Structures are given as structure tokens and as C-alpha cells.
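Student: Next come a sequence and a model predicted from it.
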Amino acid sequence: MVDETGFVKKGDHSVGVARRYSGTAGRIENAQVGVFLAYASRFGRALIDRRLFLPESWAGDAERRAKAHAPEEVAFAAKIAMARDLIAAALEAGAPCRWVLAGALYGGDYRLRRMLEERCQPYVLAVRSNQPVRFWTQEGLVATDPRTVADDWPAENWTTLAAGEGPKGLRLYDWARLALPRAAEEDFERWLLIRRSRKEPDKRAYYRVFAPKGAALAELAGAAGLRWTIEECFERANSDLGLDHCEARSWRGWRRHITLVMAAAAFLAKPAADLARSAFGKANERSPARAAAA
């Protein structure tokens, strides 16, 4: 899973800081932005890589760069390009990965989708409601967008499925999917996936999907629902370990602080994952049918 998070700063000397809207603060503030990669399984999750976003105002200012010790080889890169690099590096390092997940900022990047498809790497990537989509009908090729597709779908197209578990139990939504032009690889399919609130049907989320052939709608819904776990990684790292409490102003200082916090968070995630794995095994021993389903 890839996403970004902000680090609010009082002054303007910390490397990469700029005036921008900060979701962390809920307003425009001086803030740094980091793009992060997280890994999740049924037993736990942890942050596994990071990049500090260096705005153009910093990248082209030699004096500010020198004061913050920003390496000469680090040039301006858009956040979506940084996300592609993080994902590619993890895959090349051999990280086992059933699905790549990301929000609409990254899911709308066709270069990311193309890179993953060339690697035969399945993904469930959120996209905006006006993201162009094309599909075939008996009348020919149709060009439209996810919002229009969802508006026109009849009630029988929707299926209620869980998007994982939340604090109050299963998170149930209505789901539907539409086949998109076939992938170049015969063993894969492309889909437009749509999630709809059961209480407020106008509240919807949209996804572009590249999936193994025959993947069930329930599996796609479950994968889409996992993306929120990176937010849990941020919340725990901030509250328990001070991810957002870096006092250093330099490039190296930021990287050292973030790296040490991520290492500590991974260390804490390991025993929790072991306990979850043990509990899962014991539950399967008590229920052979459940074990067979798993």
C-alpha cells in the first residue's frame, strides 16, 4: 500500500517544508510530506519504505538545499513518481505481494498501472469519479467515467460484501464491477470496481483493478478494504513512537528519525503478528472446515 502523510512544522527551515494543505492538521500549514510504502497481511501491517517529498521551491534553491544538507543527486520528483519507485523497489527486492493498493492520487497514474501490468502484478487502485474508462458493448466501444456507469446500473448489479473488519465488526458495502478491455496477459482481467454505501447510496468509491483471471468479487472487495490499514500504521507510529515528532531540520536527520521509528514499529508488529498467527492456527485446529476454506 502506498500513501502520503504530512508533518506540520512551525518554521520554514526544515528540509522540504512548504505551505500546503495538511490532512494531518486539517488546514493550510507549513508542513513536510513523506510518501510511504506499507505491507499488510491477515496477521498485521507495518511501514516498510519512505521518501521525503522535495518541492520545486526547494529542489531549485541551492542555498536552502545546502543548509539542509539535501544530497545533490536528489532532484524534484512528483509524489506519483516517488510512489512508482517505492513499489518497484519493493517488488524487485522480492517482497511477496498479492495486491498493490493505493488511493486516487496514485491510481489515476497510467504509468503506475502499466508498470504493474508489465510485471503481471495484480492491483486494486482507487480512481476519481471522472477517470476515463472504456468498455465494449454490442453497439461498440463506449467511453465514459465511473460516476456515469454507477448511475446507470440497476439494483441487481450490486452485491453486499465485507471490506474487512472495523472497530464495530464487518464493514459492509454494496459492490459491483464492470469488465474492461482484456489485459495483454491471458491469465489476467481488468475491471472497474465500485463500492457504494448501504446507508447513503450516493457515497461511492471507484477502483481500477488488474486481477488474476477468475478472481471473485468478494476477493476484490476485501483487497480494496485493506487500503485503510496504512492509515492505522501512521496513527500507531505517530501516537506510540513519535513518527511526526522529528525535531531535526536536515535531510539526514529526517531520514534517520523516520527510519528508526519504522524499525521500532516493525519490531512491535512482529510479536503481535506471531500471536495472531498462533490464534489463527488454533482456531483452524478446532474447525477443520474453516481451515479448508482458508
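Tutor: Cool, got the structure.

Student: Longest helix in this protein, please.
Tutor: For the chain, the helix that runs over the most residues, judged by DSSP state H, is helix 251-286.

Student: by contact count, what packs against that helix?
Tutor: Judged by 3 or more C-beta pairs under 8 Å, 6 or more residues apart in numbering; DSSP states H and E, the packing partners of helix 251-286 are strand 27-41, strand 44-52, helix 229-241, helix 288-293. C-beta coordinates here come from the backbone N, C-alpha and C atoms, glycine included.

Student: Turn those into a markdown table, columns for mean pLDDT, mean neighbour count and distance to Val133.
Tutor: Listed next are those as a markdown table, based on pLDDT from 0 to 100; neighbours: other C-beta atoms under 10 Å; distance: least, C-beta to C-beta, whole Å:
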| stretch | mean pLDDT | mean neighbour count | distance to Val133 |
| --- | --- | --- | --- |
| strand 27-41 | 91 | 19 | 26 |
| strand 44-52 | 94 | 21 | 30 |
| helix 229-241 | 93 | 17 | 25 |
| helix 288-293 | 48 | 10 | 34 |
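
Student: need the ones you listed in JSON lines with distance to Arg196, can you?
Tutor: JSON lines is the format used below for these (distance: least, C-beta to C-beta, whole Å):
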{"stretch": "strand 27-41", "distance to Arg196": "24"}
{"stretch": "strand 44-52", "distance to Arg196": "26"}
{"stretch": "helix 229-241", "distance to Arg196": "21"}
{"stretch": "helix 288-293", "distance to Arg196": "27"}
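
Student: and of these, who's closest to Asp3?
Tutor: The closest of the helices and strands packed on helix 251-286 to Asp3 is helix 229-241. By C-beta to C-beta, the value is 4.8 Å.

Student: one step back: tell me which of the helices and strands packed on helix 251-286 sits nearest to Thr259.
Tutor: Relative to Thr259, the nearest member of these by C-beta to C-beta is strand 44-52, separated by 7.4 Å.

Student: any idea which helix or strand comes after the closest one?
Tutor: Using DSSP states H and E, the helix or strand that follows strand 44-52 towards the C-terminus is helix 56-59.

Student: Only alpha carbons, please: show that next one as CSV.
Tutor: The C-alpha trace of helix 56-59 is given here as CSV (Å, rounded to 0.1, in the frame of the first residue of the first chain):
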residue,chain,number,x,y,z
GLU,A,56,10.3,22.5,-6.6
SER,A,57,10.8,25.6,-4.4
TRP,A,58,13.4,23.5,-2.5
ALA,A,59,14.8,21.5,-5.4
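
Student: Quick check: mean pLDDT of it?
Tutor: Model confidence over helix 56-59 averages 90 on the pLDDT scale.

Student: Check the offset of the following helix or strand past it from the chain's centre.
Tutor: Later in the chain than helix 56-59, the nearest helix or strand by DSSP H and E is helix 62-68. Centroid separation for helix 62-68 versus its chain: 32 Å, with C-alpha atoms, centre = their mean, to the nearest Å.

Student: Not counting its own residues, what contacts helix 62-68?
Tutor: Helix 62-68 is contacted by residues 13-16, 58-59, 70, 72, 249-251 when judged by C-beta atoms under 8 Å, 6 or more residues apart in numbering.

Student: what bits of the protein have low per-residue confidence?
Tutor: Scanning the chain for pLDDT under 70 picks out the ranges 24-25, 167, 183-184, 280-294.

Student: coming back round to it: among the helices and strands packed on helix 251-286, which comes closest to Pro122?
Tutor: Closest to Pro122 of the helices and strands packed on helix 251-286, according to C-beta to C-beta: strand 27-41, at 14.6 Å.

Student: Paired strands for that closest one, with orientation please.
Tutor: In the sheet, strand 27-41 lines up against strand 2-8 (antiparallel), strand 18-22 (antiparallel), strand 44-52 (antiparallel) (DSSP bridges).

Student: The longest one versus helix 229-241: what angle between them?
Tutor: The reference is to strand 44-52. Angle between the axes of strand 44-52 and helix 229-241 is 80 degrees (criterion: axes from the mean of the first three to the mean of the last three C-alpha atoms, to 10 degrees).

Student: For the strands paired with strand 27-41, give me a markdown table that also has distance to Asp202.
Tutor: Formatted as a markdown table, these follow (distance: least, C-beta to C-beta, whole Å):
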| stretch | distance to Asp202 |
| --- | --- |
| strand 2-8 | 25 |
| strand 18-22 | 25 |
| strand 44-52 | 31 |
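
Student: For Lys203, find the nearest of these.
Tutor: Closest of the strands paired with strand 27-41 to Lys203 is strand 2-8, at 20.5 Å (criterion: C-beta to C-beta).
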